[in-house]
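Peer 1: Only the shape, not the letters, is given here:
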């Protein structure tokens, strides 16, 4: 059983940066693809970024390309989301998620989830 714990959220101004972290417990992290998703009230959870276990393949939503960077440190069982040039429309609860095998941009494919961390960007 894998548990994920996000941290690093907060309230910032437009143009600022934040780095989210997601630490996993359990022995399957190193064979899991990891993803970040975000959700605002009343809306579906949207794909943000994903990374394969080896970090060889990375994918981003068009809305964050060039501003966000996903990375992982398998020795620390941690995946990161560096968010630069934040915009008010990035305001959401951010979730990390994991799945065995290849990555996916569909949240229904992910097997385990963190509790989420709030990111608020003011204009």
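Peer 2: Ah, there it is. Just so you know, these numbers come straight off a predicted model, no measurement behind them.
Peer 1: In contact with residue 107, which residues?
Peer 2: With contacts defined as C-beta atoms under 8 Å, 6 or more residues apart in numbering, the neighbours of residue 107 are 35, 37, 45, 47, 97. C-betas here are computed from N, CA, C, even on glycine.
Peer 1: ignore the last one, residue 81
Peer 2: Taking C-beta under 8 Å, 6+ apart as the criterion, residue 81 is in contact with 19-20, 22, 36, 48-49, 68-70, 94, 96.
Peer 1: Which of those ranks first by neighbour count?
Peer 2: residue 96 (30 neighbours; other C-beta atoms under 10 Å).
Peer 1: Do you know the pLDDT at that residue?
Peer 2: What the model reports as pLDDT for residue 96 is 97.
Peer 1: before we move on, back to that, could you redo the contacts of residue 81 as JSON lines and give each row distance to residue 55 and secondary structure?
Peer 2: Written out in JSON lines, the entries for the contacts of residue 81 read as follows (distance: C-beta to C-beta, whole Å; DSSP: H, G, I helix; E, B strand; the rest coil):
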{"residue": "19", "distance to residue 55": "17", "secondary structure": "strand"}
{"residue": "20", "distance to residue 55": "17", "secondary structure": "strand"}
{"residue": "22", "distance to residue 55": "15", "secondary structure": "strand"}
{"residue": "36", "distance to residue 55": "14", "secondary structure": "strand"}
{"residue": "48", "distance to residue 55": "17", "secondary structure": "strand"}
{"residue": "49", "distance to residue 55": "12", "secondary structure": "strand"}
{"residue": "68", "distance to residue 55": "15", "secondary structure": "strand"}
{"residue": "69", "distance to residue 55": "11", "secondary structure": "strand"}
{"residue": "70", "distance to residue 55": "9", "secondary structure": "strand"}
{"residue": "94", "distance to residue 55": "20", "secondary structure": "strand"}
{"residue": "96", "distance to residue 55": "15", "secondary structure": "strand"}
